[in-house]
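Novice: Fold the stuff below for me.
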Amino acid sequence: MSPEHRRLAAGGLSSDALHLLAGRMDPALRAIAVRHDPFLRQPDTWNRPEGWETRDLDTVPDLGLPATGQTAEEVNALRPYTDLPIRPMRPFVLKASAADRGRALDCLTQAVYYEAAREPGLGQEAVAQVVLNRMRHPAYPKSVCAVVYQGSARATGCQFTFTCDGSLRWAPEPALWRQARRVAERALSGHVAKHVGSATHYHADYVAPYWAPTLVKMTKVGAHIFYRWTGPWGEPPAFTGRYAGREAVLTPAVLTGTDARTQGLAAPEAQDTPPERKIQLAVAGEVRTYTVADVTASDGLRTRVRGTLAPSRRQPTADEIRQINERLAAVERDMDARPPTP
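Specialist: Okay, here's the model as predicted:
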């Protein structure tokens, strides 16, 4: 019996201990073990908590852990960091007009400030790297501001929380803003935060988002835990997107867009689709076929159903989009009116 198995036996083979053991197993070995486990009630869960084999926004799946007695820190600790190498990204140097560069710098500074103003320097650099990683990944918009404000019209769908939770109503602290701006300027001039590699997601260690188990847990910097997509989709060669500029153009498609794979959708095109449409979704190395349900129909599916995907939340109205753009314009006017920082 190995030392690890002896520790598990001494601990009474608790649920937490078994979760840790399963998390350290080779993914291929774990998949084979799950496939041949005769005691699994639902053999098609890819070794994920019950509920993860379906996607339905009406009922958000949980982590399959007890509802009480578990802090977010304890939940996050159940899943180990990957042993895979963290590969650094290629430097990105912003080549754009003065107007686009100024706007991109403002948006990236906002992301660094409102997401990590009181984090250590490496933590601020990591947030800037995530924004640039997303911009160069095929799954995301192709300008800095579009990445930062993606989904900001959705109260629960924004990619960076500060763009939809009211944080922009508060004026930044000058010293912290200047530091965030220096970090953003370096990032746009080719600086690479090697310690987070190809990370495209992160969250604070005091929360346990439901999407975390679907990604590769890479590293922790300050109070943030960083993740990348699984497989080749999350490795540097996949980041082939080209910067498109037009930083001032925040279209309805951007403001209402979400990261489909962490919002319970298969893909953006799954919205407004007729009933019975079939789509394929690759998860954990396996490809499954799902039916997209029309939840607006009289007989639409509104409960968790195996093999069924529900479309996204409602689209905001034109008036709501206009109000968001007016608020963003007010923020820009306020910043333009301030005296230049030394």
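Novice: Tell me how many other residues crowd R322.
Specialist: Look at R322: counted by other C-beta atoms under 10 Å, it has 12 neighbours. In short, each C-beta sits where N, CA and C put it, glycine included.
Novice: I'd assumed P232 was in a strand, is it?
Specialist: No: read with DSSP: H, G, I helix; E, B strand; the rest coil, P232 is helix and lies in no strand.
Novice: Quick one: residues contacting the closest residue to it other than its chain neighbours.
Specialist: Leaving aside its sequence neighbours, P232 sits nearest to A238 (C-beta to C-beta, 6 or more residues apart in numbering; 5.9 Å). Contacts for A238 (C-beta atoms under 8 Å, 6 or more residues apart in numbering) come out as 137-138, 198, 229, 232.
Novice: Can you give me the pLDDT of A238?
Specialist: For A238, the pLDDT comes out at 92.
Novice: same question, the one 3 residues further on
Specialist: The predicted local confidence for G241 comes out at a pLDDT of 92.
Novice: Only whichever of the contacts of A238 are buried, select them in PyMOL.
Specialist: Listed next is the PyMOL selection for buried residues among those, using 16 or more other C-beta atoms under 10 Å:
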select buried, resi 137+198+229
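Novice: got a pLDDT number for H195?
Specialist: Reading off the model, H195 has pLDDT 95.
Novice: wait, S298
Specialist: As predicted, S298 sits at a pLDDT of 44.
Novice: and if you look at L94?
Specialist: Confidence score, pLDDT, at L94: 95.
Novice: same deal with A146?
Specialist: For A146, pLDDT reads 92.
Novice: How many residues are close by the closest residue in space to it that isn't next to it in sequence?
Specialist: Ranked by C-beta to C-beta, 6+ apart and with sequence neighbours excluded, the top spatial neighbour of A146 is V254, at 4.8 Å. Residues lying near V254 (other C-beta under 10 Å) number 19.
Novice: Please name the residues that touch V254.
Specialist: Residues in contact with V254 (C-beta under 8 Å, 6+ apart) are 141, 146, 149-150.
Novice: Please produce a ChimeraX select command covering the buried subset of those residues.
Specialist: This is how ChimeraX selects the buried members of the contacts of V254, with burial counted by 16+ other C-beta under 10 Å:
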select :141,146,149,150
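Novice: Now flag whichever of the contacts of V254 is closest to A33.
Specialist: Distance to A33 across the contacts of V254 (C-beta to C-beta) is lowest for Q150, with 38.1 Å.
Novice: Am I right that the closest one is in contact with C158?
Specialist: Yes: applying C-beta atoms under 8 Å, one finds Q150 in contact with C158, separated by 7.4 Å.
Novice: Confirm A104 sits in a helix?
Specialist: Yes: under three-state DSSP, A104 falls within a helix.
Novice: what sits against it?
Specialist: Contacts of A104 by C-beta under 8 Å, 6+ apart are 94, 96, 143-145, 188, 247.
Novice: where does the stretch 101-250 of the chain dip in pLDDT?
Specialist: For the stretch 101-250 of the chain, applying pLDDT under 70 flags the ranges 155-156.
Novice: can you rerun that using 90?
Specialist: 139, 151-159, 161-172, 206-214, 230-233, 245-250 (pLDDT under 90).
Novice: At which residues are the helices of it located?
Specialist: 121-136, 144-148, 174-188 (DSSP state H, counting those that start in this stretch).
Novice: which residues are contacting the shortest one?
Specialist: Pointing back at helix 144-148 there. 94, 103-104, 106-108, 110-111, 131-132, 134-135, 140-141, 159-160, 163, 188, 247-250, 254.
Novice: Selecting buried members of these in ChimeraX, what would you type?
Specialist: Here is the ChimeraX command that selects the buried residues among the contacts of helix 144-148 (16+ other C-beta under 10 Å):
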select :94,103,104,106,107,108,110,111,131,132,134,135,140,141,159,160,163,188,247,250,254
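Novice: how much space is there between T109 and R103?
Specialist: Distance, T109 to R103, by C-beta to C-beta, to the nearest Å: 11 Å.
Novice: cool, G121 as well?
Specialist: 24 Å.
Novice: and if you look at L255?
Specialist: 16 Å.
Novice: rewinding a little: for the residue nearest to A146, pull up the helix or strand it's in.
Specialist: helix 252-255 (DSSP states H and E).
Novice: wait, isn't G190 in contact with V93?
Specialist: Yes: between G190 and V93 a contact is recorded at 4.6 Å, counting by C-beta under 8 Å.
Novice: rewinding a little: what's the closest of the contacts of A238 to T71?
Specialist: W229 (27.0 Å).
Novice: how about Y202, what does it touch?
Specialist: Y202 neighbours (C-beta under 8 Å, 6+ apart): 126-127, 130, 196, 224-227.
Novice: Contacts only, for L105.
Specialist: Residues near L105 by C-beta under 8 Å, 6+ apart: 181, 184-185, 188.
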